[in-house]
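1. coords please:
(2 chains)
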2 protein chains.
Amino acid sequence: MEVLNDKENQALRLPPGVKDFLFDEAAQHRTVERRLTDLLAGSGYREIITPTVEYGEVFLLAGKTRHGRNTLDEKVHRFLDRDGNLLALRADFTAQIARIAASRFVGMIAPIRLYYSGKVFRAEPQHAGRSREKWQVGFEILGANDIETDAEAVTNILDTLAALKIDDARVFIGNVDYFNGIMAHAGIEGERLQTLKYLVERKDAGGLAQTMEDFSLPSPVREVLTQIQNLHGGREILPEVRQLAQTEISRQAVDRLEALLAMIQKHAQADNVFLNLGEAEGMGYYTGLTLRVLVAGVDEVVGSGGRYDELISRFGVDVPAVGFAFDLDLLVNAISNGA
Amino acid sequence: MEVLNDKENQALRLPPGVKDFLFDEAAQHRTVERRLTDLLAGSGYREIITPTVEYGEVFLLAGKTRHGRNTLDEKVHRFLDRDGNLLALRADFTAQIARIAASRFVGMIAPIRLYYSGKVFRAEPQHAGRSREKWQVGFEILGANDIETDAEAVTNILDTLAALKIDDARVFIGNVDYFNGIMAHAGIEGERLQTLKYLVERKDAGGLAQTMEDFSLPSPVREVLTQIQNLHGGREILPEVRQLAQTEISRQAVDRLEALLAMIQKHAQADNVFLNLGEAEGMGYYTGLTLRVLVAGVDEVVGSGGRYDELISRFGVDVPAVGFAFDLDLLVNAISNGA
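-> Residues are numbered from 1 along each chain as shown, chains lettered A, B, ... in the order given. Below you'll find the predicted structure:
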């Protein structure tokens, strides 16, 4: 038997935003991972394990928005291999799954249900204080775009929270078409649309007010945008939501959300589901439903996802899909906090 | 229901040396991973989960050899973060564990038994045809340098092979001190020693013969080196091994291997253990016992490890240790081949 000695050393430092999980902490993460993957496997989902390193093009394609900005470009860690090829660290699972769907799922009968567990890597400046390695456990349903499939995604989330006994969680559902329809009605597009989306999503009230003035937006549009930014709550906000929906596309988005709420209303955790119409941009590839989970006592978003019916077509095959990922480390924190 | 369509796309390519594991293949890898980790957990080992990204210094320290060449330097994938720091992808688990031992295990009672499962990343030129992502499942015993601990390492390997029903495996045990002692006796050191080690380990008979001539080595040394290169087999080679051991350090290495063989002789798989005295360099940090597993029908080394009593002291704390890692993908191949 021997007792280890103390000593300082430069090589002992870790970069900001990464962690070691030792012993009990590792076991706790594995237990939660196992509960999530067992639950998904029990519901007919099958695992895929993707490479940690691949060509950066996959993430650039996924990060493209309709309005110029790429949501992933500056977050991708890139490096040269020994043959001079530019490689990238996995910055997003859904991007990889779109690549796989367009190459290896061709000819399979949809819907395809799959899950994954692993890390995504995001280049974050140190001052942001964010994780550079995020351990995600997520699922995707490919090849179906009906409301039943949206409801299945929400049900998976509620079942997971129930299995983990996390009571103090809120699952926010939204639909990007709601915002897009209202902006189309106001004739706002291009870079202006992009900026407004960004501010609404981040609930930056001051920035939004200033920008609306800079853009000289007419007063009715300003009012709508200000209201949308705060448009979250239970079914009781539906009349207000409908009243603001000025176009057919926005109204259809509300109909779909209302139908989704009806489908999940018998779930024991249905009271934890809320509407959030300020959800406007997300990853840049979301086309309809958006999903976001917050837990009391945890500052960051514990899980997020949504529908991405146009992402896989960027890889050459037209397949609708919906997906969601929990941040495993935040989920463990949520449990430890006794949420 | 929908059937996915076929189409080609540049973004669908994967770089050489990385893979997707889908569905059954993913499940097969997880099953084998689980058997290994359950077995280790059942023997009192506890998991650690290390970052995929950290400062490259950790791997450079681990790759240092006594004779100049760094075994890891050119294999480390490096990239700049957004603050201008040079980061590196995990190139070796043992290096990370040495860092952790020297910082977070200080004051714990030894021996500490731990295991891990994850990928290591090695920059390999494409023509080498090697994996750039290797999924390793391994264990380490820190804080003990007795033969019983060496035997525990070998027993873990044999138990794993038995649990996986891999019968056609050979576990080669060696000791780097054997080769080092003989070279010291012949007065060979520095760059010449390094070159000879490299050739002996790779069993490059032609290269070894040419190099010995280039170095004008005396004929007795040439004979010994030629014999060492082929010195592998069962207990029956021990007399020849002893006869070549010209120094105390080499003789002690043989004594230790013989004692180790005696300790494991009652194991049901003991017949799969062989001596390999041509094991000379390995990772650069090995100091005594070396371990290497080959399986019939699998071209590459399925698992390797050894004793590294001087590695953790490079991080500032003097702790002996022994460790071993299986290549999970090769292990799955070994099972699929019906080895």
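
2. State the mean pLDDT of stretch A:192-201.
-> What stretch A:192-201 shows for mean pLDDT is 86.

3. cool, stretch A:331-339 as well?
-> 84.

4. quick check, that stretch touching chain B?
-> No. Residues of stretch A:331-339 contacting chain B under Cβ under 8 Å from any Cβ of the partner chain: none, with a closest distance of 11.5 Å. For the C-beta atoms, the positions are set from N, CA and C on the backbone; glycine is no exception.

5. buried stuff in that stretch?
-> A:331-335, A:339 (16 or more other Cβ atoms under 10 Å in any protein chain shown).

6. Among these, list the two that are farthest apart in space.
-> Maximum pairwise distance in the buried residues of stretch A:331-339, criterion Cβ to Cβ, is 11.1 Å, between A:332 and A:339.

7. Isn't residue A:95 up against residue A:75?
-> No. Taking Cβ atoms under 8 Å as the definition, residue A:95 is not a contact partner of residue A:75, at 11.5 Å.

8. Relative to residue B:229, which of the buried residues of stretch A:331-339 is nearest.
-> Nearest member of the buried residues of stretch A:331-339 to residue B:229, counting by Cβ to Cβ, is residue A:332, at 51.0 Å.

9. what's the helix or strand for the nearest residue to residue A:147 once chain neighbours are set aside?
-> Counting by Cβ to Cβ, 6 or more residues apart in numbering or on different chains, residue A:259 is the residue found nearest to residue A:147 once chain neighbours are left out, at 5.0 Å. In this assignment (DSSP states H and E), residue A:259 forms part of helix A:248-264.

10. May I have that helix exported as CSV, CA atoms only?
-> Extracted in CSV, the C-alpha atoms of helix A:248-264 (Å, rounded to 0.1, in the frame of the first residue of the first chain):
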residue,chain,number,x,y,z
GLU,A,248,-52.1,31.0,-43.5
ILE,A,249,-48.6,29.6,-42.8
SER,A,250,-48.7,30.9,-39.2
ARG,A,251,-52.2,29.7,-38.6
GLN,A,252,-51.3,26.2,-39.8
ALA,A,253,-48.4,26.2,-37.4
VAL,A,254,-50.8,27.0,-34.5
ASP,A,255,-53.2,24.3,-35.7
ARG,A,256,-50.4,21.8,-35.7
LEU,A,257,-49.2,22.8,-32.2
GLU,A,258,-52.8,22.6,-30.9
ALA,A,259,-53.3,19.1,-32.4
LEU,A,260,-50.0,18.0,-30.9
LEU,A,261,-51.1,19.3,-27.4
ALA,A,262,-54.3,17.3,-27.8
MET,A,263,-52.4,14.1,-28.7
ILE,A,264,-50.2,14.2,-25.6
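
11. How far away from the center of its chain is it?
-> 20 Å (Cα atoms, centre = their mean, to the nearest Å).

12. for the record, mean pLDDT for that helix?
-> On average, helix A:248-264 scores 97.

13. Can you spell out which helices and strands pack onto whatever helix or strand comes next after it?
-> Scanning forward in sequence from helix A:248-264 by DSSP H and E, the next helix or strand is strand A:273-276. Counting contacts by 3 or more Cβ pairs under 8 Å, 6 or more residues apart in numbering or on different chains; DSSP states H and E, strand A:273-276 is packed against strand A:169-175, strand A:232-233, helix A:248-264.

14. Listing partners with orientation, what would you give for the shortest one?
-> Right, strand A:232-233. Strands that pair with strand A:232-233, judged by DSSP bridges, come out as strand A:273-276 (antiparallel).

15. Can you name the element that comes right after the strand it pairs with?
-> Next along from strand A:273-276, by DSSP H and E: strand A:289-295.

16. So in chain A, which helix runs the longest?
-> helix A:24-42 (DSSP state H).

17. Any part of the very next helix or strand once past that helix near chain B?
-> Moving toward the C-terminus from helix A:24-42, the next helix or strand (DSSP H and E) is strand A:46-49. Yes. Strand A:46-49 lies within reach of chain B by Cβ under 8 Å from any Cβ, at A:46-49.

18. one step back: and the buried residues of stretch A:331-339 as a markdown table, adding secondary structure?
-> Listed next are the buried residues of stretch A:331-339 as a markdown table, based on DSSP: H, G, I helix; E, B strand; the rest coil:
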| residue | secondary structure |
| --- | --- |
| A:331 | helix |
| A:332 | helix |
| A:333 | helix |
| A:334 | helix |
| A:335 | helix |
| A:339 | coil |
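
19. nearest to chain B, of those?
-> residue A:332 (11.5 Å; Cβ to the nearest Cβ).

20. correct me, but the closest one touches residue A:29?
-> Yes. With contacts counted by Cβ under 8 Å, residue A:332 reaches residue A:29, the gap being 5.6 Å.

21. which SS state does residue A:194 fall under?
-> Residue A:194 is classified as helix under three-state DSSP.

22. Let me know the distance separating it from residue B:137.
-> 45 Å (Cβ to Cβ, to the nearest Å).

23. more crowded one of those two?
-> residue B:137 (25 against 19; other Cβ atoms under 10 Å in any protein chain shown).

24. what about the more buried one, which SS state?
-> Looking at residue B:137 with three-state DSSP, the answer is strand.

25. what sits opposite it in the beta ladder?
-> residue B:117, residue B:326.

26. Contacts only, for it.
-> Counting by Cβ atoms under 8 Å, 6 or more residues apart in numbering or on different chains, residue B:137 touches B:33, B:36-37, B:115-117, B:325-326, B:328.

27. So which of these wins on neighbours?
-> residue B:326 (27 neighbours).

28. Go ahead and confirm it touches residue B:293.
-> Yes. Counting by Cβ under 8 Å, residue B:293 is a contact partner of residue B:326 at 7.3 Å.

29. Common neighbours of these two, please.
-> Contacts common to residue B:326 and residue B:293, judged by Cβ under 8 Å, 6+ apart, are B:302-303.

30. follow-up on the earlier one: quick one: buried ones out of the residues of strand A:46-49 next to chain B?
-> For these, buried by 16+ other Cβ under 10 Å: A:47-49.

31. Would you point out the helix or strand in chain A whose mean pLDDT is lowest?
-> helix A:190-201 (a mean of 86; mean pLDDT, DSSP states H and E).

32. Send over that one as CSV, restricted to the C-alpha atoms.
-> Presented in CSV, the C-alpha positions along helix A:190-201 are these (Å, rounded to 0.1, in the frame of the first residue of the first chain):
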residue,chain,number,x,y,z
GLY,A,190,-32.8,38.5,-45.8
GLU,A,191,-30.4,39.9,-43.3
ARG,A,192,-33.0,41.9,-41.5
LEU,A,193,-35.1,38.8,-40.9
GLN,A,194,-32.0,37.0,-39.7
THR,A,195,-31.1,39.7,-37.1
LEU,A,196,-34.7,39.8,-35.8
LYS,A,197,-34.9,36.0,-35.5
TYR,A,198,-31.6,36.0,-33.5
LEU,A,199,-32.9,38.7,-31.1
VAL,A,200,-36.3,37.2,-30.6
GLU,A,201,-34.9,33.7,-29.9
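
33. now it and strand A:169-175, what's the angle there?
-> With axes from the mean of the first three to the mean of the last three Cα atoms, to 10 degrees as the basis, helix A:190-201 and strand A:169-175 are set at 160 degrees to each other.

34. What's the first helix or strand after helix A:190-201?
-> Following helix A:190-201 in sequence, per DSSP H and E, is helix A:205-214.

35. packing partners for that following helix?
-> Short answer (3+ Cβ pairs under 8 Å, 6+ apart): helix A:205-214 packs on helix A:190-201, helix A:219-229.

36. Low-confidence ranges, the stretch 151-300 of chain A, go.
-> Residue ranges of the stretch 151-300 of chain A with pLDDT under 70: A:280-283.
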